[in-house]
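> Quick one, what's the 3D model for this:
(chains A and B)
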Amino acid sequence: MTFVLLLFPSLLAALLAYTVRPYRVVVGWANAWLSLVSLGAALAFAALVLAGSEAPTFGPSELLRADGLSALLMVCVAAVAALALFFSPGLGRESQYDGAQLRRYHVFVNLFIFAMLLAVSANNVGIMWIAVEATTIFSAMIIPLALTKASVEASWKYILICSVGITLAFAGTVLTYLDFVALSGRAENALNWPVLLSAAPGLHPEVMRLAFVFLLIGFGTKAGIAPMHTWLPDAHSEAPSPLSAMMSGVLLAVALYAITRWKVVVDAALGPSFSNQLLLLLGLFSLLVAAFSLVIQRNYKRMLAYSSIEHTGLICIGLGLGPLGVFAAFLHLVCHTAAKSMLFVLSGEVLHRYRSTELERVSGLLKVMPWTGALFMSGILAIVGLPPFGLFISEFALIRAGFAAGRPGLMAAVLVLIGVAFVALLRHSNRMLYGAPPEGVAIGEIGRWRIAALFLSVGVLVVLGLTLPAPLEALLNQVVKVVAK
Amino acid sequence: MYADLFSQLTTLGSSGVLLFGIALLCRRSLHTFVDAFKWQSLVLAALFVVVGHFGHAPELYFVAVVFFALKVVFIPRYLERLARRVSAERESEPYVNITSSLVIASLLVLLAYAITRPVVLASQLPTRGGLPLAMGVIFIGLFVLISRKNALTQIVGFLVLENGIALLAVLGTFGIPLIVELGVFLDVMMGFLVMQVFVYHIHDTFESIDVEQLNQLRH
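Below is the predicted model:
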């Protein structure tokens, strides 16, 4: 039942947006409020897991399942989806889009949310794959809401690169199933994650190695791991800001979730060292590419996108460092989701006022929009990892996990690269925040009450920086129990 | 004898799928390009029936019918229409000429044999001889994707890549669970429809579907 409450609202919202023609403001609001039902269901799953109940399942041959790892991701996805929907275009204020574009946006954004929620609640890894592939298709439809050369280019690269990547992940899935069939015959529920996991110790190590390489390249493309990240800055910077918030805040997390699910199976077959080494290597490479790309950025939305690659890299490194690292990685994932979704939503406000995504054209943000500016500043301070925000704690925990795992050299490299990103991000954002506002830019906030809602995100980040709330700690411990026994 | 026939038929079929994949590399006009893809899909659909019969997996007949409808009838017809609408009969010079393409294709097939060795060794199936060929089709699809400059040919490259994975699945497992298979078909169809929408978008905004022009976004 809770599964229905989790998944159905977004489908209903998409249907509503599809049937009401032409687009009406009330549809946008109805969709936004509906998303809170999903959020409630996600929180209910988290509570269920914390109460220590067996992972609930649903549907024929246990199609859906919610353990600690799923519950954590459900909460992240549903929360960011609600945030993005409340900040979506077409909720009353003037917007640059016409009715048809708004209708298309509201249909596909809700389908996109549905696909992400399905991906993290699917028990069958085949269904999980289908849902991740569907996220690409639905989001690609609304990246070029207004057709420009840049947005068409970005979405073409996005759909082509991600579809190919994700198809390779399917090859990995097939290879695993092939080995499973060779071991214990054909079975309808063989792709269910727990069944796969219990059979994993008997699978052939050579086949599983090959399968994991395909899976990591495939889902890694979607997660923005370098060198498969080339679509990411384009798509994230050209998409409408609420969509960027979801793509950067949670879509990357969903892809990392898929990698984590597979890592558990592969580790059961091979022992953890193979997947750990690959994750550490690609994580470090992502961090390297992102840090130096940040230095040369001239566009603030692309700057935020490269920062997402940086944090994806950090999370991969955490996943490769054993139980302590996994704990830090998922704490980092939660903090990054809170910070980056807020920053992309704010970048939409900045774009609305300055009419440009060029760093050069934006200055004096603190004078032009004091509240937006202050929130933007705290968001930047959070993602560069300064206290009192949550990412400081999670990065610290991650570095400690690295030293505990006996990898001081790697951690030194990570620290240097985080330092490079730190300097680059602060330099760019100082340009935006201070100085004289350019001529012709009106002074004043756009929507004061809605901006005030973002203080909730800052609140979450500060709380996570000062203390680790007991329910979250318990949930993260559940995740560690699932991922690294 | 019976098992022999099965393994011979599947190896023959897989070779056919691979050959039509390689044939794509020598085709320059979009019409013959789409034709080669159609024939490849047809051979693959027939292979589904063969495996369904010999492997005692009757649901594969159903999969074969859906596959036929989607990849032999629906998608090629749409591609032809798309090619006519955007009037892209011939492709501009690809990044790699035909002779080098064929050399690279043969190297890719060798690579496919090398990396699927552990899978073939682990398998007892009569169909295992075709597994490296399936991997070869996957690689050739990837190669078409990266060596061509035309948005339409890139879509075909992507579809060939998917054919390769379908071949891998049917040879290695006699078909993945039906519900997953149906979801995959749904994704393929939606993905294809969205991609063809983008071909129109590219055509409208850039006035050609040569993807070399897509170079606005840097760094």
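
> Report the central residue of the chain.
Assuming you mean chain A. residue A:250 (2.3 Å; Cα atoms, centre = their mean).

> The chain in question should be chain B.
Centre-nearest of chain B using Cα atoms, centre = their mean is residue B:160, 1.6 Å out.

> Now do the same contact list for the residue of the stretch 301-450 of chain A found nearest chain B.
The stretch 301-450 of chain A approaches chain B most closely through residue A:302 (7.3 Å), counting by Cβ to the nearest Cβ. C-beta coordinates here come from the backbone N, C-alpha and C atoms, glycine included. Applying Cβ atoms under 8 Å, 6 or more residues apart in numbering or on different chains, we find residue A:302 in contact with A:233, A:236, A:237, A:357, B:219.

> try it again with 7 Å
Residues near residue A:302 by Cβ atoms under 7 Å, 6 or more residues apart in numbering or on different chains: A:233, A:237.

> Could you check the pLDDT of it?
Listed pLDDT for residue A:302 reads 92.

> Quick check: which element contains it?
If you go by DSSP states H and E, residue A:302 is part of helix A:300-319.

> Chain B against chain A: which residues are in contact?
Within chain B, the positions near chain A by Cβ under 7 Å from any Cβ of the partner chain are B:115, B:118-119, B:122-124, B:138, B:145, B:154, B:158, B:161-162, B:165, B:168-169, B:172-174, B:176-177, B:180, B:183-184, B:187, B:190-191, B:194-195, B:198, B:201-202, B:205-206, B:214, B:216-217, B:219.

> Point out where chain A drops to low pLDDT.
A:93-94, A:485 (pLDDT under 70).

> what's around the nearest residue to residue A:233 once chain neighbours are set aside, how many residues?
Ranked by Cβ to Cβ, 6 or more residues apart in numbering or on different chains and with sequence neighbours excluded, the top spatial neighbour of residue A:233 is residue A:305, at 4.2 Å. Neighbour count for residue A:305, taken as other Cβ atoms under 10 Å in any protein chain shown: 29.

> How much space separates residue A:305 from residue A:249?
Residue A:305 is 12 Å from residue A:249, where distance means Cβ to Cβ, to the nearest Å.

> now residue B:131
40 Å.

> so who does residue B:203 touch?
Counted by Cβ under 7 Å, 6+ apart, residue B:203 has contacts B:86, B:209.

> per-residue confidence for it?
In this prediction residue B:203 is given a pLDDT of 87.

> what helix or strand does it sit in?
Using DSSP H and E, residue B:203 falls within helix B:178-206.

> Tell me the buried residues in that helix?
B:179-181, B:183-185, B:187-192, B:194-196, B:198-199, B:201-203, B:205-206 (16 or more other Cβ atoms under 10 Å in any protein chain shown).

> The closest residue to residue B:128 other than its chain neighbours: neighbouring residues, count only.
Nearest in space to residue B:128, with sequence neighbours left out and distances taken as Cβ to Cβ, 6+ apart, is residue B:120 at 5.1 Å. By other Cβ under 10 Å, 16 other residues sit near residue B:120.

> Could you point out the helix or strand that follows the host helix or strand of residue B:120?
Per DSSP H and E, residue B:120 falls inside helix B:98-122. With elements assigned by DSSP H and E, the helix or strand that comes after helix B:98-122 is helix B:131-147.

> And the helix or strand following that next one, what does it pack against?
The helix or strand immediately downstream of helix B:131-147 is helix B:151-173, counting by DSSP H and E. Here helix B:151-173 is seen to pack against helix A:149-184, helix B:2-26, helix B:30-54, helix B:75-85, helix B:131-147, helix B:178-206 when contacts are counted using 3 or more Cβ pairs under 7 Å, 6 or more residues apart in numbering or on different chains; DSSP states H and E.

> Show me the shaky parts of chain B.
Along chain B, segments meeting pLDDT under 70 span B:1-2, B:88-93, B:218-219.

> could you say what helices and strands the helix or strand containing residue A:456 packs with?
Assigned by DSSP H and E, residue A:456 belongs to helix A:455-466. Counting contacts by 3+ Cβ pairs under 7 Å, 6+ apart, helix A:455-466 packs against helix A:322-354, helix A:370-383, helix A:390-404.

> okay, the ones you listed in JSON lines with distance to chain B and mean neighbour count next?
Supplementary listing: the helices and strands packed on helix A:455-466 in JSON lines, determined by distance: least, Cβ to the nearest Cβ, whole Å; neighbours: other Cβ atoms under 10 Å in any protein chain shown:
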{"stretch": "helix A:322-354", "distance to chain B": "16", "mean neighbour count": "25"}
{"stretch": "helix A:370-383", "distance to chain B": "20", "mean neighbour count": "22"}
{"stretch": "helix A:390-404", "distance to chain B": "25", "mean neighbour count": "21"}
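
> Figure out which of the ones you listed is closest to residue A:293.
Closest approach to residue A:293 among the helices and strands packed on helix A:455-466 (Cβ to Cβ): helix A:370-383, 15.0 Å.

> right, quick check: stretch A:104-123 against chain B, any contact?
No - against chain B, stretch A:104-123 shows no contacts by Cβ under 7 Å from any Cβ, the least distance being 9.9 Å.

> Return the distance of that stretch from the chain's centre.
Relative to its chain's centre, stretch A:104-123 lies at 13 Å (Cα atoms, centre = their mean, to the nearest Å).

> residues in contact with residue 40?
Using chain A here. Listed by Cβ under 7 Å, 6+ apart, the contact set of residue A:40 is empty.

> let's do chain B instead
Listed by Cβ under 7 Å, 6+ apart, the contact partners of residue B:40 are B:17, B:20, B:21, B:160, B:163.
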